[in-house]
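Participant: here is a sequence with its predicted model. Questions after.
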Number of protein chains: 2
Amino acid sequence: MSTLPNNLKKISLFLERLPGIGEKTANRLAFYFLRLPEEDLKDFSESISTLKEKTKFCKNCFNLTEDSLCEICLDSKRDHSIITVVETVLDLLSFETGNIYDGVYHVLQGKIDPLNHVGPDDIKINELFKRIKAAGEVKEIILATSPDMEGEATAMFIKNKLSELTDSRIKALKITRLAYGLPIGANLEYADYMTLKKAIEGRNKF
Amino acid sequence: MSTLPNNLKKISLFLERLPGIGEKTANRLAFYFLRLPEEDLKDFSESISTLKEKTKFCKNCFNLTEDSLCEICLDSKRDHSIITVVETVLDLLSFETGNIYDGVYHVLQGKIDPLNHVGPDDIKINELFKRIKAAGEVKEIILATSPDMEGEATAMFIKNKLSELTDSRIKALKITRLAYGLPIGANLEYADYMTLKKAIEGRNKF
């Protein structure tokens, strides 16, 4: 490493801090940068240097945006009466890539995780309740937190809190959870037993 | 993807062009950038934008450098009478990480590859000959091109050319090639037969 030119070394060390990138990969990527057109590097450099000041959270759903509201919240063609609650913006993106959903989202920015000292007030749960109360039109909340212990706890917490709220409009609210089961294309042989258990419990008439 | 803020999308698309990085990983990395300190991003951005103008090739050995000669060529503690010929700067780095070699290098910037229209004049072979003739002190050339067809051809070409040169000093030059055999820690069961063949041919008294 001592023989890399200064700038290249800095880039390599920066890349090495990113998740999933070790020293060898970081070097390889840094060298690849050298082969890219000057113009593209300047563009990339510009985006990086203004990234944090330009990127904000949507005031309504906490998706990322460069304005005060995100593209999804501003889109009048989407169904604003269905809110899917996800943990992160990356989860939101997974739904969006497939073009399978036309409701809106609420990004919690995490999940309840007592072992890591993350409580309900540390994520955007209260903001979700406020939003539901303020908007007159919400018909369904789809709880799409991850199918692990913390994700389950978060979903359960939200469900219970919503049931406690006495407002008659909120009582009429449909609360759903994503289906569990075998992923499409999966091989039964390699499925874990928890997934199989859920797949049996949730079996449908065929 | 349509819902990512502009700057974040640009960064993600740039990262997606790098080798071994797909759309999901690019997104994940771009999000990770958001969590890094502003200052580090500015530093990184600065390094990227000046990378190409600052990084040059060493005039002597074609390693990368920010000056006219690289750290290795400038290092008087190293043995300048032994030159290891490698294909790329990454190969050079592999030698350097282990602190196993204290001679100098010559980076060919490629290998002879007729199928891809790369001939001897397209890589830094002539520069190697000039360098050997100019420097009075060279005693050994270690050919460390890769053990594949093109790497072999390149090593063979250099060896033949050096033997053709009539200068008596060059005649006395020792030309060696890296040893072939089983890599340390390897399992015989998974070794390919070409490697095994080389390991048998090159067997040593024990």
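Facilitator: All right, it came through fine.
Participant: check whether stretch A:95-102 contacts chain B.
Facilitator: Yes. Contact of stretch A:95-102 with chain B (C-beta under 8 Å from any C-beta of the partner chain) involves A:96-97. Quick note: C-beta positions are derived from backbone N, CA and C, even for glycine.
Participant: which residues sit against that stretch?
Facilitator: A:77-79, A:84, A:86, A:105, A:144, B:1-3 (C-beta atoms under 8 Å, 6 or more residues apart in numbering or on different chains).
Participant: so chain A: which segments form each domain?
Facilitator: A:6-54, A:64-177 (automatic domain parsing).
Participant: and the last one, end to end?
Facilitator: What that stands for is domain A:64-177. Using C-alpha to C-alpha, to the nearest Å, the end-to-end distance of domain A:64-177 comes to 24 Å.
Participant: again, but for stretch A:137-149
Facilitator: 31 Å.
Participant: next structured bit after the lowest-mean-pLDDT helix or strand in chain A?
Facilitator: When each helix and strand of chain A is scored by mean pLDDT, DSSP states H and E, helix A:168-171 comes last, with a mean of 67. Per DSSP states H and E, the first helix or strand lying C-terminal to helix A:168-171 is strand A:174-177.
Participant: please state the offset of the helix or strand following that next one from the chain centre?
Facilitator: With elements assigned by DSSP H and E, the helix or strand that comes after strand A:174-177 is helix A:193-201. Distance, stretch centre to chain centre, for helix A:193-201: 25 Å (C-alpha atoms, centre = their mean, to the nearest Å).
Participant: swap in stretch A:75-83?
Facilitator: 18 Å.
Participant: mind checking which of the contacts of stretch A:95-102 are buried?
Facilitator: A:78, A:84, A:86, A:105, A:144, B:3 (16 or more other C-beta atoms under 10 Å in any protein chain shown).
Participant: my guess is the second one meets residue A:107, correct?
Facilitator: So the one you mean is residue A:84. No. Using C-beta atoms under 8 Å, residue A:84 is not in contact with residue A:107, being 9.7 Å away.
Participant: sorry, back to before: where is pLDDT lowest across the contacts of stretch A:95-102?
Facilitator: Sorting those by pLDDT puts residue B:1 at the bottom of the list (43).
Participant: can you redo the buried ones among the contacts of stretch A:95-102 as TSV with secondary structure and distance to residue A:200?
Facilitator: As requested, the buried ones among the contacts of stretch A:95-102 are arranged in TSV below (DSSP: H, G, I helix; E, B strand; the rest coil; distance: C-beta to C-beta, whole Å):
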residue	secondary structure	distance to residue A:200
A:78	coil	35
A:84	strand	26
A:86	strand	27
A:105	strand	31
A:144	coil	22
B:3	coil	36
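Participant: residue A:136 sits in which helix or strand?
Facilitator: Judged by DSSP H and E, residue A:136 forms part of no helix or strand.
Participant: burial count for it?
Facilitator: Under the neighbour criterion other C-beta atoms under 10 Å in any protein chain shown, residue A:136 is assigned a count of 8.
Participant: pLDDT at it, what is it?
Facilitator: 72.
Participant: quick one: it from residue A:61, how far?
Facilitator: As judged by C-beta to C-beta, to the nearest Å, residue A:136 and residue A:61 stand 17 Å apart.
Participant: before we move on, back to that, of the buried ones among the contacts of stretch A:95-102, closest to residue B:127?
Facilitator: residue B:3 (51.6 Å; C-beta to C-beta).
Participant: residue nearest the centroid of chain A?
Facilitator: Residue closest to the average C-alpha location in chain A (C-alpha atoms, centre = their mean): residue A:88, at 2.2 Å.
Participant: that residue reaches residue A:106, doesn't it?
Facilitator: No. The criterion here is C-beta under 8 Å, and residue A:88 misses it with residue A:106 at 11.7 Å.
Participant: quick one: the helices in chain A?
Facilitator: Here chain A has its helices, by DSSP state H, at A:6-16, A:23-35, A:38-54, A:71-74, A:89-97, A:125-134, A:149-164, A:168-171, A:193-201.
Participant: going by mean pLDDT, which of those helices comes out lowest?
Facilitator: Looking at the helices of chain A, the bottom one is helix A:168-171 with a mean of 67.
Participant: thinking again about what came up before, will you turn the contacts of stretch A:95-102 into TSV that also has distance to residue B:181?
Facilitator: Listed next are those as TSV, based on distance: C-beta to C-beta, whole Å:
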residue	distance to residue B:181
A:77	66
A:78	63
A:79	66
A:84	58
A:86	53
A:105	57
A:144	54
B:1	48
B:2	54
B:3	54
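Participant: specify the beta-bridge partners of the residue lying closest to residue A:103 once chain neighbours are set aside.
Facilitator: Closest residue to residue A:103 apart from its sequence neighbours, by C-beta to C-beta, 6 or more residues apart in numbering or on different chains: residue A:82 at 3.3 Å. Beta-bridge pairing for residue A:82 (DSSP bridges): residue A:140.
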